[in-house]
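**Student:** any chance you could fold what I've pasted below:
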Amino acid sequence: MDNCQHILYLPGLGYEFNNASVKTYAGRFMKALDEQHPNASLRFLLKSEEETLASGDTVTVVSVLEDNGQQQQERYRFYEFRYAPWLTAQWQQSSPLRQYLSLSFTLLGRLPLALRSLLGYAAHAPLTARLQGAYFLVLFFMMSLVLFLLAPAALLAATELLAGYFPQLKEWLSGQLQWADQLSHWAQGLLVIFTGLALVKGDTTSVVKTLTGEMMSAHHYLSFAQQRLVIQGRLSALLEHIAETRNQAVAIHAYSFGSIIALDNLFPHQGPVPVRVCQTVRHLVTIGCPLDFINTYWPHYLNRSPKTPLPLESWTNIHSPLDVLSSQLFRPGQNLPFALAPQTHCEDLCYRLMANEQLGPWQILTLVGLKSHGGYWDPDPQAGSCLQLLTPRLLPGE
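**Tutor:** Got it, this is the predicted structure:
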(Lines give C-alpha, C1' and ligand atoms only; values in the text may rest on other atoms or scores of the structure.)
Protein backbone atom coordinates (compact mmCIF):
# COMPACT_ATOMS: atom_id res chain seq x y z
CA MET A 1 0.00 0.00 0.00
CA ASP A 2 1.31 3.46 -0.93
CA ASN A 3 1.05 6.76 0.92
CA CYS A 4 -1.49 8.23 -1.48
CA GLN A 5 -5.02 9.34 -0.60
CA HIS A 6 -7.59 8.26 -3.21
CA ILE A 7 -10.53 10.62 -3.67
CA LEU A 8 -13.68 9.97 -5.67
CA TYR A 9 -15.12 13.27 -6.90
CA LEU A 10 -18.80 13.81 -7.79
CA PRO A 11 -19.57 17.22 -9.35
CA GLY A 12 -22.89 19.03 -9.29
CA LEU A 13 -25.28 19.57 -12.17
CA GLY A 14 -24.42 22.07 -14.89
CA TYR A 15 -21.01 20.45 -15.31
CA GLU A 16 -20.41 22.01 -18.75
CA PHE A 17 -21.05 25.55 -17.53
CA ASN A 18 -19.49 25.91 -14.08
CA ASN A 19 -15.87 24.86 -14.59
CA ALA A 20 -16.25 21.95 -12.16
CA SER A 21 -14.23 19.17 -13.77
CA VAL A 22 -12.07 16.92 -11.63
CA LYS A 23 -8.95 18.62 -13.00
CA THR A 24 -10.23 22.02 -11.86
CA TYR A 25 -11.31 20.64 -8.47
CA ALA A 26 -7.93 18.96 -7.97
CA GLY A 27 -6.24 22.23 -8.93
CA ARG A 28 -8.22 24.12 -6.31
CA PHE A 29 -7.40 21.43 -3.77
CA MET A 30 -3.72 21.59 -4.69
CA LYS A 31 -3.67 25.39 -4.31
CA ALA A 32 -5.27 25.18 -0.86
CA LEU A 33 -2.88 22.39 0.13
CA ASP A 34 0.17 24.33 -1.04
CA GLU A 35 -0.85 27.46 0.85
CA GLN A 36 -1.67 25.53 4.05
CA HIS A 37 1.34 23.22 4.05
CA PRO A 38 3.92 24.05 6.77
CA ASN A 39 6.83 23.26 4.42
CA ALA A 40 6.99 26.24 2.06
CA SER A 41 9.80 24.68 -0.03
CA LEU A 42 7.56 21.92 -1.36
CA ARG A 43 6.03 22.26 -4.82
CA PHE A 44 2.83 20.56 -5.94
CA LEU A 45 2.05 19.53 -9.49
CA LEU A 46 -0.92 18.06 -11.35
CA LYS A 47 -0.86 15.08 -13.68
CA SER A 48 -3.92 13.97 -15.63
CA GLU A 49 -4.61 10.65 -17.32
CA GLU A 50 -7.41 8.33 -18.40
CA GLU A 51 -7.96 4.87 -16.92
CA THR A 52 -10.09 2.11 -18.42
CA LEU A 53 -12.44 0.11 -16.22
CA ALA A 54 -13.25 -3.56 -16.70
CA SER A 55 -16.57 -2.52 -18.26
CA GLY A 56 -14.75 -0.57 -20.96
CA ASP A 57 -15.73 2.83 -19.54
CA THR A 58 -12.98 5.39 -19.09
CA VAL A 59 -12.48 7.61 -16.06
CA THR A 60 -10.44 10.79 -15.77
CA VAL A 61 -7.81 10.59 -13.03
CA VAL A 62 -5.84 13.58 -11.73
CA SER A 63 -2.88 13.16 -9.41
CA VAL A 64 -1.44 15.76 -7.06
CA LEU A 65 2.32 15.24 -6.96
CA GLU A 66 4.56 16.50 -4.17
CA ASP A 67 8.00 17.66 -5.38
CA ASN A 68 10.71 18.23 -2.76
CA GLY A 69 13.38 19.06 -5.33
CA GLN A 70 14.81 15.53 -5.40
CA GLN A 71 11.82 13.34 -6.18
CA GLN A 72 8.13 13.49 -6.91
CA GLN A 73 5.62 11.54 -4.86
CA GLU A 74 1.95 11.05 -5.59
CA ARG A 75 0.04 12.33 -2.56
CA TYR A 76 -3.57 12.54 -3.79
CA ARG A 77 -5.32 10.80 -6.63
CA PHE A 78 -8.72 12.12 -7.78
CA TYR A 79 -11.16 10.00 -9.78
CA GLU A 80 -14.02 11.73 -11.57
CA PHE A 81 -17.48 10.18 -11.46
CA ARG A 82 -19.58 11.98 -14.07
CA TYR A 83 -23.07 10.72 -13.42
CA ALA A 84 -24.92 13.35 -15.49
CA PRO A 85 -24.82 11.45 -18.82
CA TRP A 86 -26.57 8.47 -17.16
CA LEU A 87 -28.90 10.71 -15.15
CA THR A 88 -30.16 12.51 -18.26
CA ALA A 89 -30.05 9.55 -20.68
CA GLN A 90 -33.82 8.94 -20.75
CA TRP A 91 -34.61 12.65 -21.08
CA GLN A 92 -32.19 13.02 -23.97
CA GLN A 93 -33.73 10.01 -25.72
CA SER A 94 -37.29 11.30 -25.28
CA SER A 95 -39.13 12.90 -28.18
CA PRO A 96 -39.90 16.66 -28.02
CA LEU A 97 -43.57 15.85 -27.48
CA ARG A 98 -42.81 13.59 -24.53
CA GLN A 99 -40.43 16.19 -23.05
CA TYR A 100 -43.11 18.86 -23.45
CA LEU A 101 -45.78 16.80 -21.71
CA SER A 102 -43.46 15.64 -18.92
CA LEU A 103 -42.31 19.19 -18.22
CA SER A 104 -45.90 20.49 -18.25
CA PHE A 105 -47.19 17.93 -15.76
CA THR A 106 -44.17 18.39 -13.49
CA LEU A 107 -44.58 22.16 -13.34
CA LEU A 108 -48.30 21.86 -12.59
CA GLY A 109 -47.71 19.24 -9.92
CA ARG A 110 -44.93 21.07 -8.07
CA LEU A 111 -46.29 24.62 -8.26
CA PRO A 112 -48.67 24.36 -5.24
CA LEU A 113 -45.85 23.09 -3.02
CA ALA A 114 -43.58 25.95 -4.10
CA LEU A 115 -46.33 28.49 -3.37
CA ARG A 116 -46.97 26.97 0.07
CA SER A 117 -43.29 27.23 0.92
CA LEU A 118 -43.08 30.82 -0.36
CA LEU A 119 -46.11 31.98 1.65
CA GLY A 120 -44.93 30.30 4.86
CA TYR A 121 -47.57 27.59 5.16
CA ALA A 122 -46.78 27.30 8.87
CA ALA A 123 -46.38 30.15 11.31
CA HIS A 124 -42.97 28.83 12.34
CA ALA A 125 -41.71 28.43 8.76
CA PRO A 126 -38.16 29.85 8.69
CA LEU A 127 -37.10 32.53 6.22
CA THR A 128 -34.81 30.04 4.48
CA ALA A 129 -37.78 27.80 3.62
CA ARG A 130 -39.69 30.74 2.16
CA LEU A 131 -36.65 31.85 0.17
CA GLN A 132 -36.34 28.32 -1.17
CA GLY A 133 -39.94 28.63 -2.34
CA ALA A 134 -39.22 31.99 -4.00
CA TYR A 135 -36.15 30.67 -5.78
CA PHE A 136 -37.99 27.51 -6.70
CA LEU A 137 -40.53 29.74 -8.47
CA VAL A 138 -37.69 31.46 -10.32
CA LEU A 139 -36.56 28.05 -11.57
CA PHE A 140 -40.18 27.30 -12.45
CA PHE A 141 -40.30 30.45 -14.55
CA MET A 142 -37.15 29.45 -16.37
CA MET A 143 -38.44 25.93 -17.01
CA SER A 144 -41.82 27.25 -18.17
CA LEU A 145 -40.04 29.29 -20.83
CA VAL A 146 -38.51 26.05 -22.07
CA LEU A 147 -42.08 24.88 -22.70
CA PHE A 148 -42.36 27.60 -25.32
CA LEU A 149 -38.97 26.68 -26.77
CA LEU A 150 -40.15 23.09 -27.13
CA ALA A 151 -43.56 24.06 -28.49
CA PRO A 152 -42.75 24.05 -32.26
CA ALA A 153 -41.04 20.65 -32.17
CA ALA A 154 -43.74 19.20 -29.87
CA LEU A 155 -46.53 20.50 -32.13
CA LEU A 156 -44.82 19.08 -35.20
CA ALA A 157 -44.43 15.70 -33.46
CA ALA A 158 -48.12 15.74 -32.48
CA THR A 159 -49.08 16.56 -36.05
CA GLU A 160 -47.12 13.61 -37.40
CA LEU A 161 -48.52 11.30 -34.73
CA LEU A 162 -52.14 12.18 -35.49
CA ALA A 163 -51.75 12.35 -39.24
CA GLY A 164 -53.22 8.94 -39.98
CA TYR A 165 -56.11 9.20 -37.56
CA PHE A 166 -57.46 12.74 -37.71
CA PRO A 167 -56.64 14.44 -41.03
CA GLN A 168 -58.64 17.56 -40.18
CA LEU A 169 -56.92 17.91 -36.80
CA LYS A 170 -53.57 17.57 -38.53
CA GLU A 171 -54.45 20.48 -40.81
CA TRP A 172 -55.47 22.61 -37.83
CA LEU A 173 -52.30 21.77 -35.88
CA SER A 174 -50.18 22.61 -38.90
CA GLY A 175 -51.75 26.05 -38.93
CA GLN A 176 -50.66 26.65 -35.33
CA LEU A 177 -46.96 26.14 -36.05
CA GLN A 178 -46.53 29.80 -36.92
CA TRP A 179 -47.90 30.83 -33.52
CA ALA A 180 -45.67 28.29 -31.80
CA ASP A 181 -42.61 29.71 -33.58
CA GLN A 182 -43.55 33.22 -32.42
CA LEU A 183 -43.94 32.02 -28.84
CA SER A 184 -40.55 30.32 -29.06
CA HIS A 185 -38.87 33.58 -30.17
CA TRP A 186 -40.67 35.44 -27.38
CA ALA A 187 -39.39 32.95 -24.81
CA GLN A 188 -35.85 33.30 -26.11
CA GLY A 189 -36.09 37.03 -25.52
CA LEU A 190 -37.27 36.58 -21.94
CA LEU A 191 -34.38 34.23 -21.22
CA VAL A 192 -32.09 37.26 -21.50
CA ILE A 193 -33.36 38.05 -17.98
CA PHE A 194 -31.37 35.13 -16.67
CA THR A 195 -28.24 36.37 -18.39
CA GLY A 196 -28.75 39.77 -16.78
CA LEU A 197 -29.13 38.16 -13.35
CA ALA A 198 -25.92 36.17 -13.97
CA LEU A 199 -27.69 32.88 -13.35
CA VAL A 200 -26.46 31.53 -16.67
CA LYS A 201 -23.70 32.59 -19.00
CA GLY A 202 -22.92 32.05 -22.65
CA ASP A 203 -25.58 30.86 -25.10
CA THR A 204 -28.57 31.44 -22.85
CA THR A 205 -31.08 29.31 -24.73
CA SER A 206 -28.74 26.33 -25.00
CA VAL A 207 -27.68 26.56 -21.35
CA VAL A 208 -31.24 26.86 -20.02
CA LYS A 209 -32.48 23.95 -22.13
CA THR A 210 -29.59 21.79 -20.89
CA LEU A 211 -30.14 22.78 -17.25
CA THR A 212 -33.87 22.14 -17.58
CA GLY A 213 -33.13 18.65 -18.89
CA GLU A 214 -30.85 18.04 -15.91
CA MET A 215 -33.39 19.37 -13.42
CA MET A 216 -36.16 17.27 -14.94
CA SER A 217 -33.90 14.22 -14.80
CA ALA A 218 -33.07 15.00 -11.16
CA HIS A 219 -36.81 15.28 -10.45
CA HIS A 220 -37.43 11.86 -12.03
CA TYR A 221 -34.49 10.45 -10.08
CA LEU A 222 -35.88 11.74 -6.78
CA SER A 223 -39.54 10.97 -7.51
CA PHE A 224 -39.37 7.68 -9.40
CA ALA A 225 -35.80 6.39 -8.84
CA GLN A 226 -35.23 6.78 -12.58
CA GLN A 227 -31.65 5.82 -13.50
CA ARG A 228 -30.76 5.31 -9.84
CA LEU A 229 -29.76 1.67 -10.29
CA VAL A 230 -27.73 2.54 -13.38
CA ILE A 231 -25.79 5.22 -11.50
CA GLN A 232 -25.28 3.00 -8.46
CA GLY A 233 -23.93 0.23 -10.68
CA ARG A 234 -21.47 2.57 -12.39
CA LEU A 235 -20.25 3.98 -9.08
CA SER A 236 -19.83 0.48 -7.67
CA ALA A 237 -17.77 -0.44 -10.73
CA LEU A 238 -15.46 2.52 -10.14
CA LEU A 239 -15.00 1.62 -6.47
CA GLU A 240 -14.28 -1.96 -7.52
CA HIS A 241 -11.67 -0.68 -9.98
CA ILE A 242 -9.91 1.33 -7.26
CA ALA A 243 -10.00 -1.65 -4.88
CA GLU A 244 -8.57 -4.01 -7.50
CA THR A 245 -5.83 -1.72 -8.81
CA ARG A 246 -4.85 0.25 -5.71
CA ASN A 247 -6.16 -1.60 -2.65
CA GLN A 248 -6.63 1.72 -0.88
CA ALA A 249 -9.20 3.43 1.31
CA VAL A 250 -11.26 6.04 -0.51
CA ALA A 251 -12.59 9.46 0.39
CA ILE A 252 -15.66 10.77 -1.45
CA HIS A 253 -15.92 14.49 -2.22
CA ALA A 254 -19.30 15.55 -3.58
CA TYR A 255 -20.75 18.92 -4.52
CA SER A 256 -24.44 19.90 -4.66
CA PHE A 257 -26.56 17.17 -6.32
CA GLY A 258 -23.45 15.00 -6.44
CA SER A 259 -23.74 14.73 -2.65
CA ILE A 260 -27.23 13.24 -3.07
CA ILE A 261 -25.83 10.66 -5.50
CA ALA A 262 -23.08 9.85 -2.99
CA LEU A 263 -25.52 9.48 -0.07
CA ASP A 264 -27.74 7.15 -2.10
CA ASN A 265 -24.77 4.87 -2.70
CA LEU A 266 -23.49 4.98 0.86
CA PHE A 267 -26.94 4.65 2.46
CA PRO A 268 -29.23 2.76 0.04
CA HIS A 269 -32.99 3.00 0.38
CA GLN A 270 -33.33 -0.78 0.49
CA GLY A 271 -30.96 -3.64 1.11
CA PRO A 272 -27.56 -3.71 2.80
CA VAL A 273 -24.72 -1.32 2.12
CA PRO A 274 -22.58 -2.85 -0.65
CA VAL A 275 -19.58 -4.77 0.68
CA ARG A 276 -17.06 -2.77 -1.33
CA VAL A 277 -18.46 0.49 0.02
CA CYS A 278 -18.00 -0.74 3.60
CA GLN A 279 -14.48 -1.93 2.82
CA THR A 280 -13.16 1.10 0.96
CA VAL A 281 -15.01 4.35 1.77
CA ARG A 282 -13.64 5.93 4.94
CA HIS A 283 -14.22 9.68 4.52
CA LEU A 284 -17.07 11.75 3.10
CA VAL A 285 -17.03 15.44 2.21
CA THR A 286 -20.27 17.11 1.11
CA ILE A 287 -20.24 20.69 -0.23
CA GLY A 288 -23.47 22.66 -0.65
CA CYS A 289 -25.54 19.57 0.11
CA PRO A 290 -29.24 20.39 -0.68
CA LEU A 291 -30.69 17.91 1.82
CA ASP A 292 -33.11 20.38 3.47
CA PHE A 293 -34.33 21.57 0.08
CA ILE A 294 -34.99 18.01 -1.05
CA ASN A 295 -36.73 17.20 2.22
CA THR A 296 -39.12 20.11 1.55
CA TYR A 297 -40.09 19.19 -2.01
CA TRP A 298 -39.57 15.42 -1.93
CA PRO A 299 -40.45 14.72 1.74
CA HIS A 300 -40.52 10.92 1.41
CA TYR A 301 -37.20 10.70 -0.35
CA LEU A 302 -35.11 10.53 2.83
CA ASN A 303 -36.96 7.51 4.20
CA ARG A 304 -34.37 4.74 4.59
CA SER A 305 -34.71 1.21 5.88
CA PRO A 306 -32.65 0.40 9.04
CA LYS A 307 -29.37 -1.35 8.32
CA THR A 308 -25.89 -1.93 9.68
CA PRO A 309 -24.12 1.40 10.30
CA LEU A 310 -21.59 2.49 7.69
CA PRO A 311 -18.07 2.49 9.22
CA LEU A 312 -17.08 5.98 8.09
CA GLU A 313 -14.24 7.61 9.97
CA SER A 314 -15.38 11.15 9.16
CA TRP A 315 -18.11 13.11 7.44
CA THR A 316 -17.41 16.79 6.85
CA ASN A 317 -20.16 19.02 5.50
CA ILE A 318 -19.31 22.46 4.08
CA HIS A 319 -22.22 24.90 3.92
CA SER A 320 -22.75 28.63 3.60
CA PRO A 321 -25.34 30.76 5.44
CA LEU A 322 -25.99 32.72 2.23
CA ASP A 323 -26.62 29.57 0.19
CA VAL A 324 -30.32 28.79 0.69
CA LEU A 325 -29.86 25.40 -0.99
CA SER A 326 -27.13 24.16 1.33
CA SER A 327 -27.80 22.39 4.62
CA GLN A 328 -26.21 22.46 8.05
CA LEU A 329 -26.43 18.75 8.67
CA PHE A 330 -25.11 18.33 12.19
CA ARG A 331 -26.80 21.13 14.10
CA PRO A 332 -28.17 20.21 17.56
CA GLY A 333 -31.43 18.31 17.37
CA GLN A 334 -30.96 17.31 13.76
CA ASN A 335 -31.91 13.68 13.13
CA LEU A 336 -30.38 12.38 9.93
CA PRO A 337 -31.90 9.26 8.36
CA PHE A 338 -28.48 7.69 7.81
CA ALA A 339 -27.00 4.84 9.84
CA LEU A 340 -23.53 5.90 10.98
CA ALA A 341 -21.05 4.07 13.18
CA PRO A 342 -20.60 5.59 16.67
CA GLN A 343 -16.96 6.43 15.95
CA THR A 344 -17.78 8.56 12.87
CA HIS A 345 -16.58 12.13 13.36
CA CYS A 346 -19.25 14.45 11.94
CA GLU A 347 -18.56 18.15 11.46
CA ASP A 348 -20.14 21.17 9.80
CA LEU A 349 -17.74 23.73 8.35
CA CYS A 350 -19.26 27.15 7.70
CA TYR A 351 -17.87 28.90 4.62
CA ARG A 352 -18.63 32.59 4.94
CA LEU A 353 -18.94 34.36 1.61
CA MET A 354 -19.68 37.79 3.10
CA ALA A 355 -19.31 39.51 6.45
CA ASN A 356 -23.07 40.21 6.52
CA GLU A 357 -24.87 36.88 6.28
CA GLN A 358 -28.36 38.36 6.36
CA LEU A 359 -30.23 38.54 3.06
CA GLY A 360 -31.78 41.97 2.67
CA PRO A 361 -34.48 42.95 0.15
CA TRP A 362 -31.93 43.82 -2.53
CA GLN A 363 -30.03 40.56 -2.06
CA ILE A 364 -33.28 38.60 -2.26
CA LEU A 365 -34.37 40.49 -5.39
CA THR A 366 -31.05 39.86 -7.12
CA LEU A 367 -31.17 36.16 -6.20
CA VAL A 368 -28.03 36.23 -4.06
CA GLY A 369 -29.25 33.23 -2.07
CA LEU A 370 -29.50 31.17 -5.25
CA LYS A 371 -26.30 32.41 -6.86
CA SER A 372 -24.39 31.73 -3.62
CA HIS A 373 -24.84 28.02 -4.28
CA GLY A 374 -22.04 28.44 -6.80
CA GLY A 375 -19.93 30.59 -4.48
CA TYR A 376 -17.82 27.85 -2.89
CA TRP A 377 -15.17 28.58 -5.51
CA ASP A 378 -14.57 30.95 -8.39
CA PRO A 379 -14.40 29.87 -12.04
CA ASP A 380 -10.74 30.88 -11.87
CA PRO A 381 -8.94 27.83 -10.38
CA GLN A 382 -6.30 30.14 -8.89
CA ALA A 383 -8.86 31.98 -6.78
CA GLY A 384 -9.64 31.09 -3.18
CA SER A 385 -12.16 28.37 -2.38
CA CYS A 386 -13.91 26.55 0.44
CA LEU A 387 -11.24 23.85 0.20
CA GLN A 388 -9.02 26.09 2.29
CA LEU A 389 -11.19 24.98 5.23
CA LEU A 390 -10.71 21.34 4.37
CA THR A 391 -7.08 20.65 3.61
CA PRO A 392 -5.57 21.40 7.05
CA ARG A 393 -8.05 19.48 9.17
CA LEU A 394 -9.67 16.53 7.45
CA LEU A 395 -7.63 14.44 5.08
CA PRO A 396 -5.17 11.85 6.42
CA GLY A 397 -1.50 12.54 6.11
CA GLU A 398 -1.71 16.23 6.88
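**Student:** do a quick rundown of the strands in this structure.
**Tutor:** Taking DSSP state E to define them, one finds strands in the chain at 5-10, 43-52, 58-67, 72-80, 250-255, 281-287, 314-319, 345-350.
**Student:** deepest-packed of those strands, please.
**Tutor:** strand 250-255 (a mean of 26; mean count of other C-beta atoms under 10 Å). To be clear about C-beta, it is placed using only N, CA and C from the backbone, and glycine gets the same treatment.
**Student:** ok and it relative to strand 281-287, angle-wise?
**Tutor:** Counting by axes from the mean of the first three to the mean of the last three C-alpha atoms, to 10 degrees, strand 250-255 lies at 10 degrees to strand 281-287.
**Student:** what sits up against strand 250-255?
**Tutor:** 5-12, 20, 25, 239, 242, 261-262, 266, 280-289, 376, 395 (C-beta atoms under 8 Å, 6 or more residues apart in numbering).
**Student:** swap in stretch 330-340?
**Tutor:** Residues from elsewhere that reach stretch 330-340, judged by C-beta under 8 Å, 6+ apart: 263, 266-267, 302-304, 306-310, 312, 315, 317, 328-329, 346-348.
**Student:** of these, grab the buried ones for ChimeraX.
**Tutor:** The ChimeraX selection below is limited to those of the contacts of stretch 330-340 classed as buried (16 or more other C-beta atoms under 10 Å):
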select :263,266,267,304,309,310,312,315,317,328,329,348
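**Student:** closest to Q90 out of the strands of the chain?
**Tutor:** Of all those, strand 5-10 sits nearest to Q90, with 20.0 Å by C-beta to C-beta.
**Student:** so what does that closest one touch, helix or strand wise?
**Tutor:** When contacts are defined as 3 or more C-beta pairs under 8 Å, 6 or more residues apart in numbering; DSSP states H and E, strand 5-10 packs onto helix 22-36, strand 72-80, helix 228-245, strand 250-255, helix 257-266.
**Student:** need the strands of the chain in CSV (columns: mean pLDDT and distance to A383).
**Tutor:** Compiled in CSV, the strands of the chain are given as follows (pLDDT from 0 to 100; distance: least, C-beta to C-beta, whole Å):
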stretch, mean pLDDT, distance to A383
strand 5-10, 96, 19
strand 43-52, 95, 16
strand 58-67, 95, 18
strand 72-80, 95, 19
strand 250-255, 96, 16
strand 281-287, 96, 16
strand 314-319, 96, 16
strand 345-350, 94, 18
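**Student:** related to what we said a few turns ago, looking at the helices and strands packed on strand 5-10, which is buried most?
**Tutor:** Mean neighbours per residue, mean count of other C-beta under 10 Å, is largest over the helices and strands packed on strand 5-10 for strand 250-255, with a mean of 26.
**Student:** strand partners (parallel or antiparallel) of that strand?
**Tutor:** Strand pairing for strand 250-255, using DSSP bridges, gives strand 5-10 (parallel), strand 281-287 (parallel).
**Student:** export the ones you listed to a markdown table and tack on distance to Q90?
**Tutor:** A markdown table is the format used below for the strands paired with strand 250-255 (distance: least, C-beta to C-beta, whole Å):
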| stretch | distance to Q90 |
| --- | --- |
| strand 5-10 | 20 |
| strand 281-287 | 26 |
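**Student:** so which of the ones you listed gets nearest A54?
**Tutor:** The nearest among the strands paired with strand 250-255, by C-beta to C-beta, is strand 5-10 at 16.8 Å.
**Student:** okay if I get the helices and strands packed on strand 5-10 as TSV plus distance to L115?
**Tutor:** Converted to TSV, these look like this (distance: least, C-beta to C-beta, whole Å):
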stretch	distance to L115
helix 22-36	37
strand 72-80	38
helix 228-245	29
strand 250-255	29
helix 257-266	24
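**Student:** between the ones you listed, which one is closest to S94.
**Tutor:** Among the helices and strands packed on strand 5-10, helix 228-245 comes nearest to S94, with 16.0 Å by C-beta to C-beta.
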